[in-house]
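>>> task: produce atomic coordinates for the following.
(4 chains, ligands or ions: 4)
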4 protein chains.
Amino acid sequence: ASDDKGGDAAAAKQRKVWPHHKPHTGQMMPDDTFKGRVALVTGGGTGLGKGMATMLSKLGATVIISSRKKEVLDKTAAEITALTGNQVHGVPMNVRDGEMVKAAIDEMKTVCGLPDIVINNAAGNFIAPSERLSSNAFATIVDTVLNGSAYVTLELSKKLMEEDRGGVFLYTTTTYASTGSGFVLPSACAKAGIEIMIKSLGAEWGRYGFRFLGIAPGPIPTKGAFDRLDPTGRFETAMLDMIPANRAGKVEEMANLAAFLVSPYASWISGEIVTLDGGETVQNAGEFNQLRQVSEQEWNMMEAMIRDTNKKGST
Amino acid sequence: ASDDKGGDAAAAKQRKVWPHHKPHTGQMMPDDTFKGRVALVTGGGTGLGKGMATMLSKLGATVIISSRKKEVLDKTAAEITALTGNQVHGVPMNVRDGEMVKAAIDEMKTVCGLPDIVINNAAGNFIAPSERLSSNAFATIVDTVLNGSAYVTLELSKKLMEEDRGGVFLYTTTTYASTGSGFVLPSACAKAGIEIMIKSLGAEWGRYGFRFLGIAPGPIPTKGAFDRLDPTGRFETAMLDMIPANRAGKVEEMANLAAFLVSPYASWISGEIVTLDGGETVQNAGEFNQLRQVSEQEWNMMEAMIRDTNKKGST
Amino acid sequence: ASDDKGGDAAAAKQRKVWPHHKPHTGQMMPDDTFKGRVALVTGGGTGLGKGMATMLSKLGATVIISSRKKEVLDKTAAEITALTGNQVHGVPMNVRDGEMVKAAIDEMKTVCGLPDIVINNAAGNFIAPSERLSSNAFATIVDTVLNGSAYVTLELSKKLMEEDRGGVFLYTTTTYASTGSGFVLPSACAKAGIEIMIKSLGAEWGRYGFRFLGIAPGPIPTKGAFDRLDPTGRFETAMLDMIPANRAGKVEEMANLAAFLVSPYASWISGEIVTLDGGETVQNAGEFNQLRQVSEQEWNMMEAMIRDTNKKGST
Amino acid sequence: ASDDKGGDAAAAKQRKVWPHHKPHTGQMMPDDTFKGRVALVTGGGTGLGKGMATMLSKLGATVIISSRKKEVLDKTAAEITALTGNQVHGVPMNVRDGEMVKAAIDEMKTVCGLPDIVINNAAGNFIAPSERLSSNAFATIVDTVLNGSAYVTLELSKKLMEEDRGGVFLYTTTTYASTGSGFVLPSACAKAGIEIMIKSLGAEWGRYGFRFLGIAPGPIPTKGAFDRLDPTGRFETAMLDMIPANRAGKVEEMANLAAFLVSPYASWISGEIVTLDGGETVQNAGEFNQLRQVSEQEWNMMEAMIRDTNKKGST
Ligand SMILES: NC(=O)c1ccc[n+]([C@@H]2O[C@H](COP(=O)([O-])OP(=O)(O)OC[C@H]3O[C@@H](n4cnc5c(N)ncnc54)[C@H](OP(=O)(O)O)[C@@H]3O)[C@@H](O)[C@H]2O)c1
Ligand SMILES: NC(=O)c1ccc[n+]([C@@H]2O[C@H](COP(=O)([O-])OP(=O)(O)OC[C@H]3O[C@@H](n4cnc5c(N)ncnc54)[C@H](OP(=O)(O)O)[C@@H]3O)[C@@H](O)[C@H]2O)c1
Ligand SMILES: NC(=O)c1ccc[n+]([C@@H]2O[C@H](COP(=O)([O-])OP(=O)(O)OC[C@H]3O[C@@H](n4cnc5c(N)ncnc54)[C@H](OP(=O)(O)O)[C@@H]3O)[C@@H](O)[C@H]2O)c1
Ligand SMILES: NC(=O)c1ccc[n+]([C@@H]2O[C@H](COP(=O)([O-])OP(=O)(O)OC[C@H]3O[C@@H](n4cnc5c(N)ncnc54)[C@H](OP(=O)(O)O)[C@@H]3O)[C@@H](O)[C@H]2O)c1
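Ligands and ions are numbered 1, 2, ... in the order given. As a prediction, the model looks like this:
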């Protein structure tokens, strides 16, 4: 009662759990949204890729998941099929290897037809001070993330064009692809390249019936990402303070957003990257956002001082 | 057969009608997504606002539509209710008038409770060379678009905070809010202000349980916008050439995107503006995108010339 | 010696004072760069405006400084003239008052001819939690910052067009005009509007011989800004940690950059906003930049853990 | 006299040649700005690189120019020295070859000491429809542009850190690095990666005394760029209509901007990329900028129609 301006710590805490921030993680779209369609998810055996593959399968798509580890793919494929009843194929492919990408695409064509929904999600990353990076380490990440995505895009789209078909390409980028960030330099540079691929081809290939899209996620706990980005688990709590939503993201939220973007409900969205990060990016970026640590009492005092300045200022 | 590189004009045309660009305009989300929720749409009596109000109503929300013209609101409210069976209230309000905004919010509270889904969509705009603008014309648009949105945001959020509730605010911006554009100067400046409001409050008020979002639409035919932006109808065709999707947007596409963003399926998206424009923005922006007018024959010739340059270049 | 990877705290400190970060604050451009030219600086009686006015005067321009307080203007004008030997005129003007802007421009024309170098630098601002803002407080800042800049721009450019002259308009924006920031909401929205004015008119009015430019400064200590943004002086030290250059900016650095941008050496730059902030914006924005607090020892440990994960990962 | 609104075609033309758009291309900064400093310019034997090398040499720096062709380097080095009287060294290096980069840096150290001003300007590029690109063509450009820049940056900075020195790195990017563009896909992706390198290291390595900067040029005629981007010369005129300044850029304008950015006058600018393009980017980007083709008469007509709509609208 002593505070009608937005509240004390306790009230603030309470508001955080307000329903809007309670995520709906269930299926959002109609059952048959992707009926008769074939979707490829690279890095689809684990983490976010697995989540997106599962949702597309639920929504009726025939799904191909692809990465380097056949046994992981097979296990995940079986798991998803058991859940959804729809076909899921594991096709091994190292995206860094241009020839292997071509061969894998031929295999996909044989197995279930060319995918025209393509989620380029495979990536490598790790944290390190940039002065510890060798030239080689830099090139390896660029090879996987940027060149790998380009190979899949270029080789698949040519085949689709030959069949006079278009398609939709979605890429998993990251929030620091547009802001930059220290300590993840190669990944930042490579993912920035992907974001510009989305914008470049979103423009250039509209005329061939293609859409290009991205999702830039903030921290969503997956084993793959967190073992390399937060090996000690030390930053996970610190990270929460950086996120206005006061929680990490969920794989299912990524999956629902991805399914929406590649669906015909979003057929007028192209060349666009959607940030999914609980507000982290805007909170970090704004110069004065650290002032959220200032207490009500301090604000009262400062308000008085500023008023005083303005009075003097306007003499 | 003479062309294996992406095709001649006819094939290109054909690909344009490829299924992905055939929009799904029906309802995308579960029936009861907004059951028990109250949503306000400013400018909700016409155009995009009416479309969003209709979709939210279909999905179970009690909807308030608001603008200056009571009779338009009443007509639209009745129309939507007839369609969806859910309550729609028309509450007149000139967003430029801070006092009227406060009074209207009090009225809303009485009628159906405070909305915690708020779509700031009301706006004024017209095309004109900037040298024809008076200071007054500039200020009037800023008043409606930027100040009006701020009044609704500030006054409503304070009331929600008093009730210890959060909420979600969505704003209709425009593609040129981030790129700038001649001939719509006041609207561009004002909408840019709104986009920064989204980013600023998306950061600052996460802790109070609020999300802030935007949609930046490209051309979606509505009477209100097109009478003032293309009074002669002369630019409508020219515009299509600027859009990779080769068509204007549909009100229902806007409505589905908006419904998704304000829903709990998107509860980890905040501080973000989604561009919905068929790829227009990226196509306009890219320096070499005009080269889409170059024919296959010309490309063959240029390819040969460049190869020649490279050969000489590497002696 | 135990650390060849970028160093311990002491070494790091030492490097910080490395020559490159020792600013040159003297005059950079030739003496007569602005000989025969007339320049207007709004808010030119104090702070950054005074700094820019002084530099332009040093470089040969006849300068008009303008703000609400005649006595401040007169004092500054005399001071600059004493230093440079060139004419400086104080013309009082409240930029929020459209009629007064017109009258002041007429006065300028009489006193020394219309300025064709115009620095829109006047602004009002203060920090406050957004839930403490009244609708009126919001509109007042927008009026000064966005509308005020627009009035000066529109009224002056019309007069210049009548005389068949072009010109160059430079605006002082701020880093949070593009990132957004809590706690300075009205200023953020208004300055965002200005940045889009720069982009809009940079495009539209090139054909009339106008250039439009911005400088987005980070923290540069001036009495005006810091009394309202850091009344207790408490944040000044905290701020330093946010700036890669490890120091606040200097008024003379702003002045040299501004002089360059409005000079004919930069006549092919238009529609552009240059950030001058010691790297603060990119450091804040990047998700992992907080890792600068991690010690060498911790990095060694994490490196080992990640290597281990990769090894396991590739079995 | 019949037109007081911004003028007829003839007047507009006249204004275009208005003094502000007449570039000053002479030396802008004091003679000894870089006295005692060593600067490296990759791709410094030709085009923009040669222009920047020449300016730095004029301003007192010892300059190293580097690219694949020794004979070109030697010729340019001799030419610049003849002009400025200062040492210029040609050190051959293929930036794509990490080992050669290391060896070349060792050679530089021997010849004149490590450079602490580094301009990463070497690049490869060509126009082509993206469906004509092989995976290999994509990777080759990425290798030169992105990886090459990274190798020079990582290897040189480590050596500088060992000597407890900082430095300033400037990169030549391009306007479509941030907007994306069709028909130059690999270059767009690779240069986008560089822009994020600037932002990432601008943040991360401020503490080691480094600044990171970029210049994003629009079309500046050089033999190297234009033979590959406009082999038929057909687009050069079309391009002019896209540039508000109504002319292409000049090598000396690039050189003056670069010299400013790497100088101690700009020591508080870091993590920033400056666009130098005569306003091209903002003009292309803005949705309604095509309306510059509308005549005064048509505007009169449209103004009347819109006024009419507003009248009807407000009944
Ligand atoms: N989780 C987050 O917080 C977060 C945030 C921002 C962005 N992201 C992005 O989200 C995507 C998925 O990450 P995640 O968190 O789900 O981690 P993850 O489980 O480690 O996913 C990475 C996937 O990429 C595959 N992959 C790696 N290198 C490959 C190669 N050369 N060829 C083919 N596939 C390869 C991996 O499978 P194999 O090992 O079997 O090849 C793995 O399935 C990545 O693009 C990541 O950058 C994640
Ligand atoms: N359609 C497009 O292509 C397009 C593209 C980009 C952005 N947009 C944006 O989309 C939004 C909706 O536009 P629209 O195309 O649907 O056109 P519209 O039908 O003209 O919608 C504008 C609405 O704003 C209301 N309004 C105007 N001034 C108001 C005031 N002072 N107070 C309260 N309400 C006011 C109008 O109702 P009253 O006259 O009854 O007040 C009207 O319902 C606008 O923000 C517009 O800028 C549209
Ligand atoms: N210093 C920083 O760190 C920093 C950082 C980012 C941006 N900026 C921007 O830099 C600019 C200058 O700020 P500063 O730091 O130099 O502070 P300052 O000394 O307070 O400058 C503000 C100037 O604006 C004038 N002004 C205010 N309201 C006016 C009105 N209604 N009409 C005409 N003039 C008016 C003031 O003079 P009167 O009171 O006499 O009218 C004063 O000379 C501002 O645009 C500010 O937003 C500063
Ligand atoms: N001119 C424009 O309009 C324009 C516009 C935007 C951006 N740019 C950028 O400006 C920079 C300079 O271009 P420019 O117009 O001056 O064209 P340029 O004369 O062709 O410059 C390119 C330079 O890069 C060198 N180079 C190419 N591959 C290399 C490699 N593997 N290793 C080392 N050096 C290599 C070339 O020398 P060698 O052949 O001897 O190796 C040449 O000196 C480029 O980054 C370009 O992308 C130019």
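>>> quick one: mean pLDDT for the top strand by length along chain A?
Identified as the longest strand of chain A according to DSSP state E is strand A:210-217. Averaging pLDDT along strand A:210-217 gives 98.
>>> hmm, it touching chain B?
Yes - judged by C-beta under 8 Å from any C-beta of the partner chain, strand A:210-217 and chain B are in contact via A:210-211. (Glycine included, C-beta is placed from N, CA and C.)
>>> got phi/psi on A:T33?
Backbone torsions for A:T33, taken as degrees, to the nearest 10, come to phi -50, psi -40.
>>> from what I see, it and A:L59 are in contact.
Yes - the criterion here is C-beta atoms under 8 Å, and A:T33 meets it with A:L59 at 4.4 Å.
>>> quick one: the longest strand of chain A near chain C?
No - using C-beta under 8 Å from any C-beta, we find that strand A:210-217 stays clear of chain C, coming within 10.4 Å at best.
>>> and the helix or strand harbouring A:L160, what's buried?
Secondary structure assigned from DSSP states H and E places A:L160 in helix A:148-162. Neighbour-count burial for helix A:148-162, with 16 or more other C-beta atoms under 10 Å in any protein chain shown as criterion, is recorded at A:148-161.
>>> and the angle from the next helix or strand along the chain from that helix to strand A:210-217?
Downstream of helix A:148-162, the first helix or strand assigned by DSSP H and E is strand A:167-172. Interaxial angle of strand A:167-172 relative to strand A:210-217 (axes from the mean of the first three to the mean of the last three C-alpha atoms, to 10 degrees): 20 degrees.
>>> number of nearby residues for the closest residue to ligand 1 within the stretch 151-300 of chain A?
Scanning the stretch 151-300 of chain A for the residue nearest ligand 1 gives A:G224, at 1.7 Å (criterion: C-beta to the nearest ligand atom). The number of residues packed around A:G224, counting by other C-beta atoms under 10 Å in any protein chain shown, is 19.
>>> for it, phi and psi?
Per degrees, to the nearest 10, the backbone of A:G224 is at phi -60, psi -50.
>>> how much space between it and ligand 4?
34 Å (C-beta to the nearest ligand atom, to the nearest Å).
>>> how close does that residue get to D:G233?
Distance of A:G224 to D:G233, computed by C-beta to C-beta, to the nearest Å: 51 Å.
>>> ditto for A:A245
Distance of A:A245 to D:G233, computed by C-beta to C-beta: 54 Å.
>>> among the two, which residue is more densely surrounded?
A:A245 (27 against 9).
>>> what is the mean pLDDT for stretch A:55-72?
On average, stretch A:55-72 scores 98.
>>> and stretch A:95-112, by the same measure?
98.
>>> quick one: that stretch near chain D?
Yes - Stretch A:95-112 reaches chain D (C-beta under 8 Å from any C-beta) through A:98, A:101.
>>> swap in stretch A:36-51?
No - residues of stretch A:36-51 contacting chain D under C-beta under 8 Å from any C-beta: none, with a closest distance of 14.9 Å.
>>> just the pLDDT for A:M28.
98.
>>> would you verify that it is located in a strand?
No - A:M28 sits outside any strand when classified using DSSP: H, G, I helix; E, B strand; the rest coil, being coil.
>>> ok, the spatially closest residue to the residue of the stretch 151-300 of chain A closest to ligand 1 that is not a sequence neighbour - contacts?
Nearest residue to A:G224 in three dimensions, chain neighbours excluded: A:G47, at 4.8 Å (C-beta to C-beta, 6 or more residues apart in numbering or on different chains). Going by C-beta atoms under 8 Å, 6 or more residues apart in numbering or on different chains, A:G47 touches A:222-225, A:251.
>>> out of those, who's nearest A:T309?
Closest to A:T309 out of those is A:A225 (47.2 Å), distances taken as C-beta to C-beta.
>>> run through who's touching stretch A:125-133.
By C-beta under 8 Å, 6+ apart, stretch A:125-133 touches A:137, A:141, A:145, A:182-187, A:225, A:228-230, C:5-6, C:288, C:291, C:299, C:302-303, C:306, C:310, D:154, D:157-158, D:161, D:200-201, D:204-205, D:208.
>>> so A:G51 makes contact with A:V251?
Yes - counting by C-beta under 8 Å, A:V251 is a contact partner of A:G51 at 3.7 Å.
>>> more neighbours: these two, which one.
A:G51 (24 against 20).
>>> over to that one. Which of the three states is it?
Here A:G51 is recorded as helix under three-state DSSP.
>>> alpha carbons of stretch A:60-78, as CSV, please.
The C-alpha trace of stretch A:60-78 is given here as CSV (Å, rounded to 0.1, in the frame of the first residue of the first chain):
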residue,chain,number,x,y,z
GLY,A,60,1.5,-34.5,-40.5
ALA,A,61,4.9,-34.0,-42.2
THR,A,62,7.2,-36.8,-43.4
VAL,A,63,10.4,-35.8,-41.7
ILE,A,64,14.0,-36.3,-42.5
ILE,A,65,16.5,-35.7,-39.8
SER,A,66,20.2,-35.5,-40.6
SER,A,67,23.5,-35.1,-38.8
ARG,A,68,26.8,-36.9,-38.5
LYS,A,69,25.8,-39.6,-36.1
LYS,A,70,23.6,-42.3,-37.6
GLU,A,71,22.9,-44.1,-34.3
VAL,A,72,21.5,-40.9,-32.8
LEU,A,73,19.4,-40.2,-35.9
ASP,A,74,18.0,-43.7,-35.9
LYS,A,75,17.1,-43.6,-32.2
THR,A,76,15.4,-40.2,-32.5
ALA,A,77,13.6,-41.2,-35.7
ALA,A,78,12.1,-44.2,-34.0
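>>> all set now, cheers.
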